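Engineer: what follows is a predicted protein model with its sequence.
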Amino acid sequence: TYLERWRAQSALGERSYPLGAELLVLEGAFEDESGSYDTHTWLRLPPGFRYAPRTDAGCELYVKEGGFAYLQAA
């Protein structure tokens, strides 16, 4: 579990979460190939999820990786 701060006009390239992740947008917003995520958006990303996030205004995220072992066994 950690906080990330992305500067304005950032393109982070491809990122992946081998064990899945939960993201909560605390401030600002970011976009990816699937849509736009504003303050207070909560995302549950399945194991193996990949995306290419970017932000125009910058943002702060709460990130919790892993924690989805029960989904991998299903």
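Structural biologist: Good, I have the coordinates. On a predicted model such as this, the values are computed, not experimentally measured, just so you know. Residues are numbered from 1 along each chain as shown.
Engineer: what helix or strand is the residue nearest the centre of the chain on?
Structural biologist: By C-alpha atoms, centre = their mean, the chain has its centre lying nearest to L23, at 4.7 Å. Here L23 sits within strand 21-32, counting by DSSP states H and E.
Engineer: flag every buried residue along that strand.
Structural biologist: Within strand 21-32, the residues that count as buried by 16 or more other C-beta atoms under 10 Å are A21, E22, L23, L24, V25, G28, F30, E31, D32. Heads up, the C-betas are built off the backbone N, CA and C, glycines and all.
Engineer: skipping adjacent residues, who's closest to the third one in space?
Structural biologist: What sits nearest to L23 in space, not counting adjacent residues and going by C-beta to C-beta, 6 or more residues apart in numbering, is L43, at 4.4 Å.
Engineer: look up how far G67 lies from that neighbour.
Structural biologist: Noted for L43: a distance of 13 Å to G67, by C-beta to C-beta, to the nearest Å.
Engineer: neighbour count for the two, which is higher?
Structural biologist: Per other C-beta atoms under 10 Å, whichever of L43 and G67 has more neighbours is L43, with 17 against 13.
Engineer: about what we covered before: between L43 and G67, which contacts overlap?
Structural biologist: Shared between the contact lists of L43 and G67 (criterion: C-beta atoms under 8 Å, 6 or more residues apart in numbering) are residues E22.
Engineer: just to revisit the earlier point, elements contacting the strand holding L23?
Structural biologist: Where contact means 3 or more C-beta pairs under 8 Å, 6 or more residues apart in numbering; DSSP states H and E, strand 21-32 is packed against strand 2-6, strand 35-38, strand 42-45, strand 54-55, strand 59-65.
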